[in-house]
Structure formats: structure tokens, C-alpha cells
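Participant: no sequence for this one, just the structure:
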Ligand code: F6P
């Protein structure tokens, strides 16, 4: 590891800090638009089907130029190229980072240690497609010869959030005769509720785990196996027809009792949170069919190509990443809201939480030094308009700066009645109204002009100046979903590259796993846990007492 200068000692960083103090101490969107009316047209970038408007941000051309200088100085594009080339940029795990190879065209060449991985990627995609078609057509039957009508994906983190999110997002494209469920929580209630009304003879379990060692997934898969075998009077032969696995670990899969012929493989150069377009997407592929799945991959690829080739000023992931750095590091924002105006994107932000927070929730740089700058934000949000009647109050009139992404579509998808289709304009009227209100607010004089009594004027004033990005597309198709996810993947990449952190490891989840293993015997058998701290020891004792009541 070569030592690079600390980020906050770089002149490009200092220049931004000075800019923030001098020019932008009180950035005001009303003034910015008054001084530069053309920014509404100029501050727009197009990628594939996405129109990304960043005019309502607390930036000027100078801010953007300084941010791009920072990106250049920190070698963002160099690291990007190293990623696409298959270099081992995940330094703490010594791995390549090649989720982009998962959507490479058949004739592409992407090498890891001298081996072109693209043929392997397509071999697995073809195997998935053949299997998905068999399930969808009824050719793949359960142990008693009955057609599969229910698919239950058991996985957690990246082995759950991606397919669960995308299944919701693309519901309009799914085979409605199939029931899909996603089980992740080791709380037995999750599996119970998922299978309680299902017929085991018609149910396929997909056990999704990159490592095949994750305790939650293995526990739930073991319980699902018992549920199945109870229905088949313990006939182990049933497992082969009702269980398939998605994993990088053939040995563990076969140790669990799943035939490796029924395993769909992926590789250690696919990070868990970057994996839903790998074999981890099998449940989704069964739901939407292989053609739609491929359309989604095409969408990912459009943004990959854009990220790889677009010049800095028009490079959307670069731009969004840099805007986040501006707010987090120079304007003290702690969080970032993602607010999709589509019911189908109800799980989108939850998916992004892992993508962003597991990637960039780091506090040492790539050289192992404590960082002296802010890294990843708290990512949160739920679909509009529900949030408007819950927490938007705080965004509008609270004390915190919360940059937000608004994602909306010009047309609804699915077979909605004419009446329900007409509701779309109302949804989108809210979408536009919110970003307008957030940006421009309402001055005390405007409030007074409405005849509001003086004592209420401060309460009814909206300071405005809340920055938002508006992402618009025509429809939420599989391709557009792929484009959106790739946009955020690369945005997270850009930020990690500037912050000089390893965005591809996740050591922060390990300690909790180890401690849970140590504490479990104390809960189940009352065993002593050596070295348990007094606070946790008292809680464990209280738990045991309550359990016995
Ligand atoms: O514990 C965190 C994590 O490793 C995530 O990064 C990953 O997506 C999840 O657990 C599930 O891991 P696996 O797919 O190996 O079961």
C-alpha cells in the first residue's frame, strides 16, 4: 500500500473549504436561480432513460468545478478503470470488484487473474434461464409431481434485499400465478408467516447465500427443510425437487444436503450488496422471466458504459457522488433521503441502505489511517406521498440539512384501470410541489400577503433552500430499474474513491456475529459467558428470568 496524502490536506479539499466559507456561506436557491436562470436547463444530465436534474442544489459552476478537481486529484477515474479491468481494488479482502462483469455482453472480455470470466457469467445466466423457464412452464415439478406455485427465497443482506426490492419494483412484469416470498430474519416469525398458507408440495425454496455460512440463512433453510420433510414423511428425496442454492461455496451447499447440480454459482469478485444481477437474482428471474431479466441487465450496462466513458462534467454517478461529498463534508449534512414516487419502489431505499451504508460506513482510509472527514451518510426514506404526511415536516422546517433524491415517472406501469391511471398526475403533482417547496420555501412577506396574523408568520414561513435531485424517467421498466441501481452503485463507488476508503469490505458486521455466537448458549442453556460485560450480563439474566415466567 502506498501512502497517499490525507484527503483533507489536499489543496483541492482546502479550496472547497475556502469556497464554502467565502462564496457559499449562505447559499440561497432563490438567488442562485435569479443570478443564473439558465441553470434549470444546464444542470441536467441524461443517462439512458434517466433525466437527472440537479439545478436545485446549493452549488454554482465554481462549486462543481472545484468538486471535479477533487475527483481528479483523488484519482476516481483511475480507480474506476482498475475496477472495470478486474484489479483487486478490494484491498482488505484482496479481491477484484466485478459486479459490472455480471452484465457484460457475451462477447466482452473481462479478466480476473488472466481468465476471462464473461463466459462463466453467461453460462450461469443460461442455466438460470433454463431453470426459470421450467418452473414458469410447470415442467419443473415438486416431489409429488405437482406444479411449483410458490417460490420462497431464503437469504439475508445482499442475498435478500436486491431480489426482494426488484420483485416489488417489477411486480407489473411478474407472472401473477406464482407467489413469491422472501425470508431473511432469523426471528422464526418470518418463516412462519411466509409458509403458513403454502402447500409444501407446490413450494420451491431458493437458499441464497454467497458464503453459505450465514447463521440466519442456514437456520431458516434448516427449518424450511424440516417443514418440507414433515409434509413428505421424512422422505429426503423430496429435497432435490424443492431446494436449490445460490452460492459461491459448493462444498457448503453439498454439506447442507442440496445437490450441487441444483446450485447456481457466482464468484468472490461479486460483493453481496452488488449481487442481485448474479445468480442471487434467480427468484426475480422466475418471477419476471429471463427476457425481462436480461432487459434489466441491459439497463445496468447502459449506466456502466456511461460511467466508464462520459466526461467528468456530464458523468451522472460522478456528479451525484460529488454533490453528496459537498453536503456531507462541507455543509454538515448527516443524512441523505431517497424518496421514490412509485409504490413499486417501496423497498428501493431499504436496498440502497445496504448498498451505501455497508459500502461507505468506514472510518479508516485505505492506508489504515483514521479518517478526518465525513464518510457515508445515513440513507433513509420511503415512497412519496406517504412520507409527506409523516416526516417531511422535519425536512421542510426542521433544523437539519437533508439532501434528497426524488425519483418519479411520467407514466404508471401495469394494468391499472383508467381511474387509477389518472391518479398518477396527482402523485406527480405532489412530486413537483415538494421539490419546489423545499427549494424556494415561502418568505415571511409572502406569508403576510396571505393575511396570516403576525404571530403565526414565523410558523408558516418556509426557509426553503433544501437541496434535491430530481430523477425522471418515462416508466419503471426492468431496464430503468437496472439503470437506477447502477447509478447508485457507481455513485457509492465515487464517494468511496474520493474518501479513500475500501467500499467493498464490511468488517463492521463481524463483531456482532461473533458476540451473538458467544451469548447464545447463555440464553438457551444458561451457560456462563466468560468475560461478559456487566451491562450485557444483567440484560441476559433479565431475559432468562422473563423467559421462565
Ligand atoms: O453480514 C453482512 C453480510 O456479509 C453482507 O455483506 C451480505 O450481503 C450478507 O451478510 C449475507 O451474506 P451471505 O450471502 O454470505 O449469506
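Facilitator: On my side now, so go ahead. If you're wondering where the values come from, they're calculated on a predicted model, not measured in any experiment. Numbering: from 1, shown residues only.
Participant: the ligand contacts on the protein?
Facilitator: Within the chain, the positions near the ligand by CB under 6 Å from any ligand atom are 156-159, 209-211, 214, 217, 272-273, 358, 506, 509. Where C-beta positions appear, they are placed from N, C-alpha and C, glycine not excepted.
Participant: show the buried residues in those.
Facilitator: 156-159, 209-210, 214, 217, 272-273, 358, 506 (16 or more other CB atoms under 10 Å).
Participant: ok, residue 138 - how many residues close by?
Facilitator: 12 (other CB atoms under 10 Å).
Participant: so what does the closest residue to it other than its chain neighbours have for phi and psi?
Facilitator: Once flanking residues are discounted, residue 138 sits nearest to residue 147: 4.4 Å by CB to CB, 6 or more residues apart in numbering. As for residue 147, its main-chain torsions (degrees, to the nearest 10) stand at phi -70, psi 140.
Participant: now do the contacts for residue 147.
Facilitator: 138, 141, 202 (CB atoms under 8 Å, 6 or more residues apart in numbering).
Participant: let's have those residues in a markdown table, adding secondary structure and pLDDT.
Facilitator: As requested, those are exported to a markdown table (DSSP: H, G, I helix; E, B strand; the rest coil; pLDDT from 0 to 100):
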| residue | secondary structure | pLDDT |
| --- | --- | --- |
| 138 | coil | 98 |
| 141 | strand | 98 |
| 202 | helix | 98 |
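Participant: of the residues you listed, closest to the ligand?
Facilitator: residue 202 (26.1 Å; CB to the nearest ligand atom).
Participant: residues in contact with the closest one?
Facilitator: 142, 146-150.
Participant: how about 10 Å then?
Facilitator: 141-142, 144, 146-151, 179, 242 (CB atoms under 10 Å, 6 or more residues apart in numbering).
Participant: pick out the residue of the stretch 401-549 of the chain closest to the ligand.
Facilitator: residue 509 (3.8 Å).
Participant: and that residue, that one's in a helix?
Facilitator: Yes. Residue state for residue 509 (DSSP: H, G, I helix; E, B strand; the rest coil) corresponds to a helix.
Participant: what bits of the stretch 301-450 of the chain have low per-residue confidence?
Facilitator: The stretch 301-450 of the chain contains no residues with pLDDT under 70.
Participant: and the gap between the spatially most central residue of the chain and the ligand?
Facilitator: In the chain, the centroid-proximal residue (CA atoms, centre = their mean) is residue 352; its distance is 2.5 Å. Taking CB to the nearest ligand atom, to the nearest Å as the measure, residue 352 falls 14 Å from the ligand.
Participant: report the contact partners of that residue.
Facilitator: So residue 352 contacts 161, 165, 273, 336, 338, 340, 379-381, 405, 484-485, 488-489, 491-492 (CB under 10 Å, 6+ apart).
Participant: next, count neighbours for whichever residue of the stretch 1-150 of the chain sits closest to the ligand.
Facilitator: Evaluated by CB to the nearest ligand atom, the stretch 1-150 of the chain has residue 93 as its residue closest to the ligand, separated by 11.1 Å. By the criterion of other CB under 10 Å, residue 93 has 15 neighbours.
Participant: how close does the closest residue to it other than its chain neighbours get to residue 271?
Facilitator: Excluding the flanking residues, the one nearest residue 93 by CB to CB, 6+ apart is residue 505, at 5.3 Å. Per CB to CB, to the nearest Å, residue 505 is found 9 Å from residue 271.
Participant: more neighbours: which of those two?
Facilitator: Applying other CB under 10 Å to residue 505 and residue 271 shows that residue 271 carries more neighbours, namely 23 against 18.
Participant: save the buried ones among the residues of the chain next to the ligand as TSV, and put in secondary structure too.
Facilitator: TSV is the format used below for those (three-state DSSP):
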residue	secondary structure
156	coil
157	helix
158	helix
159	helix
209	coil
210	coil
214	coil
217	helix
272	helix
273	helix
358	helix
506	coil
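Participant: who does the residue nearest to residue 138 form a beta bridge with?
Facilitator: residue 141 (DSSP bridges).
Participant: likewise the one 4 residues further on?
Facilitator: Beta-bridge pairing for residue 151 (DSSP bridges): residue 180, residue 204.
Participant: my guess is residue 299 meets residue 484, correct?
Facilitator: Yes. With contact defined as CB atoms under 10 Å, residue 299 reaches residue 484; the gap is 8.0 Å.
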